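# 3D, please:
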Amino acid sequence: MARRFLDDIRADLLTLLPDNVVGEISPADVRGILRDIIDSTIQDEAALTSPPSVSLNLTTVPTEYPAIFDASIGGLPGFLTPNPTTGRFELSPTPGFSYQIEFFIQAEGPQNAEIDINIMQNGVPVGESYQIVTRGPGRGVSTDARWIELSALANMTYGIGISSPTSASIDVTNAFGLAVIVPTNSP
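So this is what the prediction gives:
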């Protein structure tokens, strides 16, 4: 069956599974509803992972650096796809589903270099900016950035933007992205 909005499943329950006084409920109806319930009430997740280390020359503008990711884990085709080539999560072409997006980054750089992290929605920063201050080579610092997208528009993408007010050069020693599609009522 398929992931569906919970309100649509509720409506089908009333339509396909009425009081069974006349024997109108078929096993196929019950199986179909149960499959939709299972597919629609679990959280499906996807992840982006990083290579051992990537050197970046940061600008003052939040920029996506897809090279910080080299692999993906999981996903739900048609609803949540991790794309390590673009460093983004691609969301459903069906509008209205809700998601949780989180990126973790660990970096090293010159002492006191400021690094700003942003969640990027279709290439544009959204939400708050998260900042870390580097402590010198070999002394990694880390932060994570989170975003909850309730009732997402169709075909949204989410990535991580990195910038520095001083255009610092840094080494990203670890990066991880996690996106989860959550059970959603109708938008």
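# Check what pLDDT the residue lying closest to N122 once chain neighbours are set aside gets.
Closest residue in space to N122, ignoring its immediate chain neighbours: T157 at 5.5 Å, by C-beta to C-beta, 6 or more residues apart in numbering. Quick note: C-beta positions are derived from backbone N, CA and C, even for glycine. On the pLDDT scale, T157 is placed at 97.
# which parts of stretch 115-126 are buried?
For stretch 115-126, the neighbour count (16 or more other C-beta atoms under 10 Å) marks 115-121, 125 as buried.
# Name the SS class of the residue nearest to I115 when sequence neighbours are not counted, please.
Leaving aside its sequence neighbours, I115 sits nearest to I132 (C-beta to C-beta, 6+ apart; 5.1 Å). Following DSSP: H, G, I helix; E, B strand; the rest coil, the label given to I132 is strand.
# so which of the buried residues of stretch 115-126 comes closest to S40?
Checking the buried residues of stretch 115-126 against S40 with C-beta to C-beta, the nearest one is Q121 at 24.4 Å.
# For that closest one, which residues are in contact?
By C-beta atoms under 8 Å, 6 or more residues apart in numbering, the residues touching Q121 are 147, 149, 156-158.
# Could you list which of those residues belong to helices?
Using DSSP state H, no member of those sits in helices.
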